[in-house]
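Asks: build me a model:
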Amino acid sequence: MQCLTLCLVAGTAALAQEPFTVATAIRTAWRDQSGLRAGRALVEVKRDEAEGFAALKLPTLTLNAQGVRTDEPMMAFGMRLNQSRITAMDFNPASLNKPDAIMGFGGSAVVQQPLYAGGRISAAKWAGEYAAQAESASQARREQETAMAIVEAYFGAQVAEQALLWVEDTRTWILGLEAFVGARVQQGLMLESELQRLKAVHAQVDAQKAEVVRQVRSARSGLGLLTGSAPVEAPLATPLQAEGIVLDGTARTAVRADLQAAELQAKAAGQAAKAASGSLKPEVGLELGAGTLRQSWHQGGTWTWAAVGLKWKVFSGPDRAKSNAAHAQARAAEDMRTFKQQQAEHEVRVAREAVRAAEAKHAAAKEALVASEESKRLREARHREGLTPLTDVLDAEAARQGARTLLLQSLYDLRTSRAALDLATGAPIEGVTP
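Replies: Numbers count the residues shown, from 1 in each chain. Model prediction:
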């Protein structure tokens with residue numbers, strides 16, 4: 001049997017477009033699909049969060065500006081002191097007890113530098129970094145899953161279009177047979193019932209054609225959805241039947257992106273648990289500052305300070321509970337990593353078996369098609385000689401249609417099972433890499 005070729009059934013406008021390969025479809029989806037663009041935004045979010053965690057070790061600069069008017073005794077005296085204008089008269093009990101309103105403006109600059117935080121800062125930094133890497137790996141997995149969906153939609157469209165060609169072939173054959181039987185009926189060599197039976201089969205073929213046209217349009221619309229565009233109208237240039245592809249997956253050494261993500265998520269959860277435990281440890285910080293409070297631009301006081309402080313939450317129920325929850329989350333992430341590894345091994349085994357089954361199914365389908373075509377040829381020849389009833393010819397055509405359907409399905413299963421094996425092992429689907 002000659003190699004199966006797929007042709008596009010479309011209008012002249014579609015034929016004028018550039019051929020659309022499965023590799024082009026995959027790369028178009030990676031670039032344009034809104035779902036994957038949203039995934040890239042999530043990666044950026046995690047990276048920005050990681051930068052924020054890494055910046056926790058940097059000093060913090062705080063600037064403060066204020067303008068004050070008050071006659072509150074304590075504040076009024078303090079403001080005069082900060083403005084460097086205290087005199088002996090300011091200690092008069094009458095002015096101390098009931099001062100005149102005083103005004104002032106000023107500001108301060110404070111630099112705070114953490115020196116030790118119980119390991120929270122470094123743990124938070126690594127937790128953010130691992131989380132960002134995990135999200136990036138998850139995005140890579142989402143891209144591969146999209147590529148798998150593209151393969152299914154792309155070759156599903158080709159299967160539907162080839163089925164449409166074969167339906168047209170059957171319809172043409174029915175028309176020819178109707179003309180032959182109609183001529184024989186007019187000659188009185190065949191019964192009118194045989195012509196009516198053919199017309200009924202003709203109507204069934206027309207209904208089948210309408211259904212296949214619907215499938216073609218639906219498949220191309222789905223392909224457009226996956227690629228982030230309108231329904232694809234261009235010719236599909238990658239053939240359904242691929243030659244020279246190695247099916248054995250034992251030599252595949254790629255690492256699945258979702259397993260990388262699970263491992264990184266487990267590391268991030270472990271570091272988050274360390275950061276949560278650090279909240280129960282003492283923290284030491286350095287603070288440097290300078291301030292001023294002025295009566296006017298040319299008159300006022302300034303001061304500076306430097307301090308090293310220690311703070312320790314000896315007991316905090318909420319922080320203890322958060323630490324316990326973070327450690328439980330770390331254990332859950334580690335268990336999930338183990339489960340995903342086991343799941344991946346199972347998926348590889350299943351995918352390899354699916355490829356073997358698809359190969360056997362395809363081989364059987366080719367033999368069945370050859371046999372059905374020969375059977376139809378013989379029965380049609382005998383029918384033209386008046387040696388075989390029409391029902392036998394129609395049965396042979398139905399058997400050929402079934403064999404064609406089986407062949408198409410086997411080719412589709414073979415191509416998609418190869419892609420599924422690539423997805424399971426982490427190899428580039430259809431050889432397409434970013």
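Asks: give the contact list for residue 390.
Replies: 181, 190, 194, 197, 198, 383 (C-beta atoms under 8 Å, 6 or more residues apart in numbering). Where you see a C-beta, it was placed from the backbone N, CA and C, and this is true even at glycine.
Asks: apologies, that question was intended for residue 268.
Replies: 126, 127, 128, 130, 131, 134, 333.
Asks: strands of the chain, residue ranges please.
Replies: Assigned by DSSP state E, the chain shows strands spanning 60-70, 102-116, 283-296, 299-311.
Asks: measure how the third one sits relative to strand 60-70, angle-wise.
Replies: When you say that, I think you mean strand 283-296. 40 degrees (axes from the mean of the first three to the mean of the last three C-alpha atoms, to 10 degrees).
Asks: for strand 283-296, which positions count as buried?
Replies: 283, 285, 287, 289, 291, 292, 293, 294, 295 (16 or more other C-beta atoms under 10 Å).
Asks: confidence score at the nearest residue to the first one once chain neighbours are set aside?
Replies: Just to be clear, that refers to residue 283. In space, and not counting its chain neighbours, residue 283 is closest to residue 117: 4.5 Å by C-beta to C-beta, 6 or more residues apart in numbering. pLDDT, residue 117: 90.
Asks: so how many other residues sit close to residue 117?
Replies: 21 (other C-beta atoms under 10 Å).
Asks: tell me the backbone dihedrals of it, please.
Replies: Dihedral angles of residue 117 (phi, psi; degrees, to the nearest 10) stand at phi -130, psi 30.
Asks: that one against residue 278, yeah?
Replies: Yes. Under the criterion of C-beta atoms under 8 Å, residue 117 is in contact with residue 278, at a separation of 6.1 Å.
Asks: how about residue 157, what does it touch?
Replies: Counted by C-beta under 8 Å, 6+ apart, residue 157 has contacts 216, 219, 220, 222, 223, 232, 236.
Asks: distance of the closest residue to it other than its chain neighbours relative to residue 153?
Replies: Spatially, and ignoring its direct neighbours in sequence, residue 157 is nearest to residue 219 (3.7 Å; C-beta to C-beta, 6+ apart). The spacing between residue 219 and residue 153, counted by C-beta to C-beta, to the nearest Å, is 6 Å.
Asks: what's the answer for residue 310, then?
Replies: For residue 310, the distance to residue 153 - C-beta to C-beta - is 63 Å.
Asks: and these two? Which one has more around it.
Replies: Using other C-beta under 10 Å as the criterion, residue 310 and residue 153 rank with residue 153 on top: 24 against 10.
Asks: what's near enough to touch the more buried one?
Replies: Taking C-beta under 8 Å, 6+ apart, one finds 219, 222, 223, 226 in contact with residue 153.
Asks: between the residues you listed, which sits nearest residue 352?
Replies: When these are compared for distance to residue 352 (C-beta to C-beta), residue 226 wins out at 25.9 Å.
Asks: would you map the helices across the chain?
Replies: For the chain, the helices defined by DSSP state H cover 12-15, 22-32, 34-54, 73-82, 93-97, 120-186, 192-227, 257-278, 317-384, 390-425.
Asks: now do stretch 60-76, average pLDDT.
Replies: Mean predicted confidence for stretch 60-76 is 93.
Asks: show me what counts as buried in that stretch.
Replies: In stretch 60-76, counting by 16+ other C-beta under 10 Å, buried: residue 76.
Asks: do you know the pLDDT at residue 79?
Replies: 89.
Asks: same question, the one 5 residues further on
Replies: In this model, residue 84 is scored at 87, pLDDT.
Asks: what do you get for residue 251?
Replies: So residue 251 comes in at 44 (pLDDT).
Asks: one step back: any of the contacts of residue 157 buried? List them.
Replies: By 16+ other C-beta under 10 Å, the contacts of residue 157 give 216, 219, 220, 222, 223, 232, 236 as buried.
Asks: how about those residues in CSV, adding distance to residue 61?
Replies: Shown next, in CSV, are the buried ones among the contacts of residue 157 (distance: C-beta to C-beta, whole Å):
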residue, distance to residue 61
216, 65
219, 60
220, 59
222, 55
223, 55
232, 55
236, 60
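Asks: greatest separation within these: which pair is it?
Replies: 222 and 236 (13.1 Å).
Asks: turn the buried residues of strand 283-296 into CSV, including pLDDT and distance to residue 353.
Replies: Below are the buried residues of strand 283-296 laid out as CSV (pLDDT from 0 to 100; distance: C-beta to C-beta, whole Å):
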residue, pLDDT, distance to residue 353
283, 92, 57
285, 94, 61
287, 95, 66
289, 96, 71
291, 94, 75
292, 94, 79
293, 93, 81
294, 92, 83
295, 89, 88
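Asks: contacting residues for residue 89?
Replies: Contacts of residue 89 (C-beta under 8 Å, 6+ apart): residue 95.
Asks: now the one 3 residues further on
Replies: Neighbour list for residue 92: empty [criterion: C-beta under 8 Å, 6+ apart].
Asks: distance of it from residue 83?
Replies: As judged by C-beta to C-beta, residue 92 and residue 83 stand 18 Å apart.
Asks: okay, who's weakest in the contacts of residue 390 by pLDDT?
Replies: Ranking those by pLDDT, residue 190 lands last with 76.
Asks: filter the contacts of residue 268 down to the buried ones and hand me the PyMOL line.
Replies: Provided next is the PyMOL selection string for whichever of these are buried by 16+ other C-beta under 10 Å:
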select buried, resi 126+127+128+130+131+134+333
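Asks: number of nearby residues for residue 150?
Replies: Based on other C-beta under 10 Å, the number of other residues close to residue 150 is 28.
Asks: show me the shaky parts of the stretch 101-250 of the chain.
Replies: Across the stretch 101-250 of the chain, the ranges flagged by pLDDT under 70 are 242-250.
Asks: phi, psi of residue 389?
Replies: phi -70, psi 160.
Asks: for it, give me its contacts.
Replies: Counting by C-beta under 8 Å, 6+ apart, residue 389 has contacts residue 383.
Asks: equivalent analysis for residue 408, please.
Replies: By C-beta under 8 Å, 6+ apart, the neighbours of residue 408 are 159, 162, 163.
Asks: what's the neighbour count on residue 337?
Replies: Residue 337: 19 neighbours (other C-beta under 10 Å).
Asks: before we move on, what about residue 370?
Replies: Count around residue 370 with other C-beta under 10 Å applied: 12.
Asks: residue 98 too?
Replies: 10.
Asks: ok, it touching residue 73?
Replies: Yes. Counting by C-beta under 8 Å, residue 98 does reach residue 73; the two are 7.4 Å apart.
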